[in-house]
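*Asks:* Fold the following for me, if possible:
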Amino acid sequence: MSDHPTAFGDTPLSTGTIAWDDRAALHKADDGDGVLDGAKALRRGTFADIIRHLMLLPEETRDDYVIEKAGDREYSAAEAAHLAARSDFPRE
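*Replies:* As a prediction, this is how the structure comes out:
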């Protein structure tokens, strides 16, 4: 989605590409975030790896999870499914 800013207060560069290799973590959607949020991750990997894993889960349970992408934001299961359907999504 964007490159990380180089200094505090800078804005991310909009490159028009998705950083599939950025670090990401799978979390329960209702895990409460907070100070120990990093310890609550169920799975870690690249952004693409975590999307692939989420897409392997039964469709009826996907909404129970979110993807937290390093330096970026949380992605819902619906957003992850949309990203997985992109033609530039790395399949493996």
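*Asks:* ok, the spatially closest residue to residue 44 that is not a sequence neighbour - contacts?
*Replies:* Nearest residue to residue 44 in three dimensions, chain neighbours excluded: residue 25, at 4.9 Å (CB to CB, 6 or more residues apart in numbering). For glycine as for every other residue, the C-beta is placed from the backbone atoms N, C-alpha and C. Going by CB atoms under 8 Å, 6 or more residues apart in numbering, residue 25 touches 38, 41, 42, 43, 44, 50, 67, 68.
*Asks:* let's see it at 6 Å
*Replies:* With contact set as CB atoms under 6 Å, 6 or more residues apart in numbering, residue 25 has these partners: 41, 44, 68.
*Asks:* So which of those residues are in strands?
*Replies:* 44, 68 (DSSP state E).
*Asks:* Narrow the contacts of residue 25 to those that are buried.
*Replies:* Neighbour counting with 16 or more other CB atoms under 10 Å marks residue 68 as buried within the contacts of residue 25.
*Asks:* As a markdown table, the contacts of residue 25 with pLDDT and distance to residue 77 would be great.
*Replies:* Shown next, in a markdown table, are these (pLDDT from 0 to 100; distance: CB to CB, whole Å):
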| residue | pLDDT | distance to residue 77 |
| --- | --- | --- |
| 41 | 82 | 16 |
| 44 | 94 | 18 |
| 68 | 90 | 13 |
